[in-house]
Each structure stands twice: as C-alpha cells, then as structure tokens.
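1. I would like the atomic coordinates for the input below:
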Amino acid sequence: MSVAEPRTIVLFRHAKADWPQVTDHERPLADRGRQDAAVAGRKLTDSGIAVDLALCSTATRTRETWKLAVHELPHRPKTVYEERIYEASPGELIALLNEVPDEVRNLVLVGHNPGIEGLAEVLSGAAAEAARERMTRRGFPAAAFAVLTFDGSWKSLEPGTASLVDYWAPSE
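-> Predicted coordinates:
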C-alpha cells in the first residue's frame, strides 16, 4: 500500500459499563452496553469501512465492546489488545497511532473517554458539517464512534491532519 492512499481511523468509545465492586479496569458491560455494542458493529458495517486492524484497550469493558461489535463485521480484522490505551491522553494515543505499520489502511481504536473524544477533536482539522454538528451536540457517549480520514503515513499523523467524515452515537 502506498502512503499516499487515504487512511481511515474509527475512534470507538466502549459501550455502557456496569459498576460492580471491581477495579475500574475490570468493569464489565451493562445490559444496555451489550446491546449498543452490537448495534455499533452493525453501523460500522453499514459505513463500508473494511477494517484492517483493531487496537483495543485491555480493560474488560473495551474488550467486551469489541467482541460484540466485531461479530457484526463482514470479516474479523487482526486485533491487538494494548495496555497503553487505558487512561491515555490524546497525545499518548497519537504516539501509539504513529507506530502503526503503513500496510494498515483502516484502523479501529477502541478506548475510553476523555481520551477518545479528545483525540477526535485534536485530530480533526476539517470536518463534514453534519458530523461535526452531531459530535458537538452529543459529545461522545458510550458506544459512539467517529470516523476520520487522513493522507500520508501513520508516522505523519498529528493534530489537525485528519478530517472528521462521520459520527454515530447509539441514540442517533
């Protein structure tokens, strides 16, 4: 793949989690979260993005979200469970994305707020007006995802270099 071809990043916040007496990292999905994760997977399929790689936080709720969402995709991409996504800042997430091999064209990053929402805001220099309006109005609720595109290598990804092209949240 040429580094000149457009790349896609789907920033996917985990679905609604439950609050049992466990550490934050081990919190599972709530019933509504399990439903919303599957719906998000169907919406991702509807977007037509052929995902090459998924980077997923090691937290229980993100792993469960991805397991339910990926089941809805037409093909299962390679998935890497990455500890650095948990509690990561937008800058730390950009540094992680800069490590992605250039053979990867379309990537899903399954993580947490405030990092995922912050990353969507920091990366998107340009935006489709409808997507920006929906994301601004809704924020980044559980199971929401933003779709961004950019040109160049993963190493060249930095603030303002991507375009927000789509946004979806469960109540949409």
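
2. what about the helices in this protein?
-> Using DSSP state H, the helices of the chain run over residues 31-46, 60-70, 90-97, 115-123, 129-138.

3. what lines up beside the helix or strand bottoming out on mean pLDDT in the chain in the sheet?
-> Ranked by mean pLDDT, DSSP states H and E, the weakest helix or strand in the chain is strand 124-127, scoring a mean of 85. The sheet places strand 124-127 alongside strand 162-168 (parallel), with pairing taken from DSSP bridges.

4. Redo the helices of the chain as CSV? Include mean neighbour count, mean pLDDT and distance to Leu157.
-> Glycine gets a C-beta too; all of them are placed from N, C-alpha and C. CSV is the format used below for the helices of the chain (neighbours: other Cβ atoms under 10 Å; pLDDT from 0 to 100; distance: least, Cβ to Cβ, whole Å):
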stretch, mean neighbour count, mean pLDDT, distance to Leu157
helix 31-46, 18, 98, 21
helix 60-70, 23, 98, 21
helix 90-97, 17, 98, 5
helix 115-123, 22, 96, 7
helix 129-138, 14, 90, 19
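
5. Could you say which one of those helices comes nearest to Ala17?
-> Between Ala17 and the helices of the chain, the tightest spacing by Cβ to Cβ is seen for helix 60-70, at 4.2 Å.

6. Extract the C-alpha set from that closest one and format it as PDB.
-> The C-alpha coordinates for helix 60-70 follow below in PDB (Å, rounded to 0.1, in the frame of the first residue of the first chain):
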ATOM      1  CA  THR A  60     -12.800  -5.600  30.400                       C
ATOM      2  CA  ARG A  61     -15.500  -3.200  29.000                       C
ATOM      3  CA  THR A  62     -13.500  -2.300  25.900                       C
ATOM      4  CA  ARG A  63     -12.700  -6.000  25.200                       C
ATOM      5  CA  GLU A  64     -16.400  -6.900  25.600                       C
ATOM      6  CA  THR A  65     -17.500  -4.000  23.400                       C
ATOM      7  CA  TRP A  66     -15.100  -5.000  20.600                       C
ATOM      8  CA  LYS A  67     -16.000  -8.700  20.900                       C
ATOM      9  CA  LEU A  68     -19.700  -7.800  20.300                       C
ATOM     10  CA  ALA A  69     -19.100  -5.200  17.600                       C
ATOM     11  CA  VAL A  70     -16.600  -7.300  15.600                       C
END
